[in-house]
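Engineer: Give me a 3D structure for the following:
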Amino acid sequence: MQLPDRLSVLEAVAFKETFQQIFQNHPLPPKIILDFRQTTFIDSCGIGALVNNYKNATSKDIELVLTNVGTPVMMILRMTNLDQILTVELLSESSQPPALPPTHPSTRSGIKRGLDIIGAIVGLGITALLFIPIATAIKLDSPGPIFFSQIRKGWMGKEFRIWKFRSMYVGSQDISKGKIRVKPLDENAPDPRVTRVGRFLRKSSLDELPQFVNVLTGEMSLVGTRPPTPDEVDYYDVPEWQRLDVKPGMTGEWQVNGRNQIHNFKDIIDLDLRYQHHWSLMYDVKLIIKTILVVFSKNSGAA
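Structural biologist: Numbering: from 1, shown residues only. Predicted coordinates:
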């Protein structure tokens, strides 16, 4: 199968549909070869289609091989660790180092990155000042670690570990071992999984202070889209991968537009795409100011 020169949202949707048509053949082919000779650009939707097609092929015992993969595409496969999963045959490597894929102008903005670094340093200074009282309160309230970490999907679907102050009882998210505590049917009732100190940390957004580490390392930005979990991304259709064209943020449209009330998946996706459409440095500043106002309002905090 010959891949196009660009593998963005429209081409990625067509790529997935063509793959689905192959699965309707009888008998199924033992191997499918994807020729990337012409492909010089791939964004998060292209990655999403590739991951989806790989999973479908594997489920039907079909070998998937990527051949003639050039440097730009290979860089993305390495960045997302897909080169460790997929069978890849390289085209001749270029001696020139590839540039980052231009998925969205925010990812190429040196000023935005500079603001992230300055904001992260200031934020970590605040975190250091508040660490002892927060850590003491967490330990006195319930047994367990001070920090909570979780794998999330970042730019282009690259996985990273996000950090927060722990706000839930230990084991409350361990679904596989049957320890999860179910949310109450009454959404206005307190979530029994969240500790007393955790409710305060969430309401004040203090639980998110350790994420300044993620911002400093470049895995996140001060402003961006909501970072999804790998389980959530597994259910994405190809167009929904567009939200991964930008770095996830500590704050963004979802956080300042009533995150307690917005739980519909489509609404969250629409907010993330709206951020990408309206993005500018001034827009980031406006969202940061709105975030500060929301944090100090009586209705702030996560559900």
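Engineer: now the strands for the protein?
Structural biologist: Along the chain, the stretches classed as strands by DSSP state E are 6-7, 31-35, 41-42, 63-69, 87-90, 147-153, 159-165, 221-223, 249-251.
Engineer: Nearest to Arg199, out of those strands?
Structural biologist: Between Arg199 and those, the tightest spacing by C-beta to C-beta is seen for strand 159-165, at 12.4 Å. In this view, the C-beta of every residue, glycine as well, is placed from N, C-alpha and C.
Engineer: Identify each buried residue in the closest one, please.
Structural biologist: Phe160, Ile162, Trp163, Lys164, Phe165 (16 or more other C-beta atoms under 10 Å).
Engineer: Could you do stretch 23-37 as well?
Structural biologist: Buried positions in stretch 23-37, judged by neighbour count with 16+ other C-beta under 10 Å: Phe23, Ile32, Leu34, Asp35, Phe36.
Engineer: Make TSV out of those residues and add pLDDT and distance to Thr195.
Structural biologist: Putting the buried residues of stretch 23-37 into TSV (pLDDT from 0 to 100; distance: C-beta to C-beta, whole Å) gives the following:
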residue	pLDDT	distance to Thr195
Phe23	84	47
Ile32	93	50
Leu34	94	49
Asp35	94	54
Phe36	94	49
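Engineer: quick one on the thing from earlier: pick the most deeply packed of the strands of the chain.
Structural biologist: strand 221-223 (a mean of 28; mean count of other C-beta atoms under 10 Å).
Engineer: Give me the residues contacting that one.
Structural biologist: Identification of contacts with strand 221-223 by C-beta atoms under 8 Å, 6 or more residues apart in numbering yields 106, 112, 115-116, 119-120, 215, 246-252, 275, 284, 287-288.
Engineer: In helices, which of those appear?
Structural biologist: The helices, defined by DSSP state H, take in Lys112, Leu115, Asp116, Gly119, Ala120, Val215, Tyr275, Asp284, Leu287, Ile288 from the contacts of strand 221-223.
Engineer: Surely Phe212 touches Asp116?
Structural biologist: No - here Phe212 does not reach Asp116: they are 9.5 Å apart, not a contact under C-beta atoms under 8 Å.
Engineer: so where is the stretch 51-200 of the chain shaky, pLDDT-wise?
Structural biologist: 92-101, 173-190 (pLDDT under 70).
Engineer: Helices of that one, residue ranges please.
Structural biologist: 71-79, 110-141, 196-204 (DSSP state H, counting those that start in this stretch).
Engineer: Lys153: which of those is closest?
Structural biologist: The nearest among the helices of the stretch 51-200 of the chain, by C-beta to C-beta, is helix 71-79 at 12.5 Å.
Engineer: Tell me which residues of that closest one come out buried.
Structural biologist: Applying 16+ other C-beta under 10 Å to helix 71-79 flags Thr71, Pro72, Val73, Met74, Met75, Ile76, Leu77, Met79 as buried.
Engineer: what sits up against stretch 228-247?
Structural biologist: The contact list for stretch 228-247 (C-beta under 8 Å, 6+ apart) reads 9, 12-13, 16, 43-45, 47-49, 52, 103-104, 106-107, 150-157, 159, 218-221, 224-225, 269, 272-273, 275-276, 279.
Engineer: switch the cut-off to 7 Å
Structural biologist: For stretch 228-247, the external contacting residues (C-beta atoms under 7 Å, 6 or more residues apart in numbering) are 9, 12-13, 16, 43-45, 47-49, 52, 103-104, 106-107, 150-157, 159, 220-221, 224-225, 269, 272-273, 276.
Engineer: now do stretch 5-25
Structural biologist: 1, 4, 32, 38-43, 45-46, 48-49, 52-53, 56, 60, 238-239, 242.
Engineer: which of those count as buried?
Structural biologist: 4, 32, 39-43, 45-46, 48-49, 52-53, 56, 238-239, 242.
Engineer: Same list (the helices of the stretch 51-200 of the chain) but as a markdown table, adding distance to Glu232.
Structural biologist: A markdown table is the format used below for the helices of the stretch 51-200 of the chain (distance: least, C-beta to C-beta, whole Å):
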| stretch | distance to Glu232 |
| --- | --- |
| helix 71-79 | 20 |
| helix 110-141 | 24 |
| helix 196-204 | 20 |
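Engineer: for the ones you listed, which one sits closest to Leu28?
Structural biologist: helix 71-79 (25.0 Å).
Engineer: Now do the closest one and strand 63-69, the angle between them.
Structural biologist: 130 degrees (axes from the mean of the first three to the mean of the last three C-alpha atoms, to 10 degrees).
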